[in-house]
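Asks: Provided below for reference: sequence and predicted model.
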Amino acid sequence: AAGVIQSPRHLIKEKRETATLKCYPIPRHDTVYWYQQGPGQDPQFLISFYEKMQSDKGSIPDRFSAQQFSDYHSELNMSSLELGDSALYFCASSSLAGGKGITQYFGPGTRLTVL
Amino acid sequence: AQSVTQLGSHVSVSEGALVLLRCNYSSSVPPYLFWYVQYPNQGLQLLLKYTTGATLVKGINGFEAEFKKSETSFHLTKPSAHMSDAAEYFCAVSEGSGGSYIPTFGRGTSLIVHP
């Protein structure tokens, strides 16, 4: 079965640079979630989108923004990168309209390293 | 507000021994409960979930968990550990209030399996 796809899998950036992470949800899933997982930490919810509209907002820094496009893929844009932004970034998807929004399916993650 | 406590950041067992990973939660409404497994440098894979109905749920790879409302617990067990079970395990709870299913994760438990 198709899973959540994230790209790139690894990304290395310098401080103050920008980064864009992409997420392609499972086909027919309408909701996308972004999480940040620091070293040895549990995943922290950043933001989510349902049908291309922001649905929930968590601990996303103001330097970050995200959107969901008409094909339901999502992008997380990160500007003015800081060393503390180094983490594993997960995307997850679910199908709220399909009545299966309870369960989120996670992608493999993008490991961002800020030097 | 919802929260999750995973007792023990590390659990060590011998191959073939019983695996018990503890999870207690707090929730103001009937919760949805999940266990995810994370292998090194990989995404979160759903092991099992409790939504409604039978309180003993079976998941993949021989794992199961029992929802005990009176104890606010959702402990994960497996009768016989395999070396391949070595990974990080996360318990999560969501309330589904207002149509939002954002889960709160525990801090994770690292399962170590000795030969």
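Replies: Structure received.
Asks: please count neighbours and contacts with C-alpha atoms only from this point.
Replies: OK.
Asks: near chain B, which residues of chain A show up?
Replies: Residues of chain A lying close to chain B (C-alpha under 8 Å from any C-alpha of the partner chain) are A:41-45, A:56, A:90, A:101-103, A:105-109.
Asks: what about 10 Å?
Replies: For chain A, the contact set with chain B under C-alpha under 10 Å from any C-alpha of the partner chain comprises A:4, A:9, A:33, A:40-45, A:47-48, A:55-58, A:88-92, A:94, A:96, A:101-111.
Asks: give me the buried entries from those.
Replies: Neighbour-count burial (16 or more other C-alpha atoms under 10 Å in any protein chain shown) applied to the residues of chain A next to chain B gives A:4, A:9, A:33, A:42-45, A:47-48, A:88-92, A:94, A:96, A:101-111.
Asks: mind listing which of those are in strands?
Replies: Assigned to strands by DSSP state E, the following of these qualify: A:33, A:44-45, A:47-48, A:88-92, A:94, A:101-106, A:110-111.
Asks: any idea what the residue nearest to B:Leu56 when sequence neighbours are not counted is bridged to?
Replies: Nearest non-adjacent residue to B:Leu56, counting by C-alpha to C-alpha, 6 or more residues apart in numbering or on different chains: B:Glu66, 4.3 Å away. B:Glu66 forms beta bridges with B:Leu56, B:His75, as assigned by DSSP bridges.
Asks: neighbours of B:Glu66, how many?
Replies: Burial of B:Glu66 is recorded as 17 neighbouring residues (other C-alpha atoms under 10 Å in any protein chain shown).
Asks: same question for stretch B:62-79, mean pLDDT?
Replies: Across stretch B:62-79, pLDDT averages out at 95.
Asks: if you count neighbours, what's buried in it?
Replies: B:Phe63, B:Glu64, B:Ala65, B:Glu66, B:Phe67, B:Ser73, B:Phe74, B:His75, B:Leu76, B:Thr77, B:Lys78.
Asks: next: stretch A:28-36.
Replies: For stretch A:28-36, by 16+ other C-alpha under 10 Å, it's A:His29, A:Asp30, A:Thr31, A:Val32, A:Tyr33, A:Trp34, A:Tyr35, A:Gln36.
Asks: can I get the CA coordinates of that stretch in PDB?
Replies: In PDB, the C-alpha atoms belonging to stretch A:28-36 read as follows (Å, rounded to 0.1, in the frame of the first residue of the first chain):
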ATOM      1  CA  ARG A  28      -7.300  10.100  -0.900                       C
ATOM      2  CA  HIS A  29      -6.100  11.400   2.500                       C
ATOM      3  CA  ASP A  30      -7.300  14.900   3.000                       C
ATOM      4  CA  THR A  31      -5.400  15.900   6.100                       C
ATOM      5  CA  VAL A  32      -1.700  16.500   6.700                       C
ATOM      6  CA  TYR A  33       0.100  17.000   9.900                       C
ATOM      7  CA  TRP A  34       3.700  18.200  10.600                       C
ATOM      8  CA  TYR A  35       5.700  17.200  13.600                       C
ATOM      9  CA  GLN A  36       9.200  18.000  14.900                       C
END
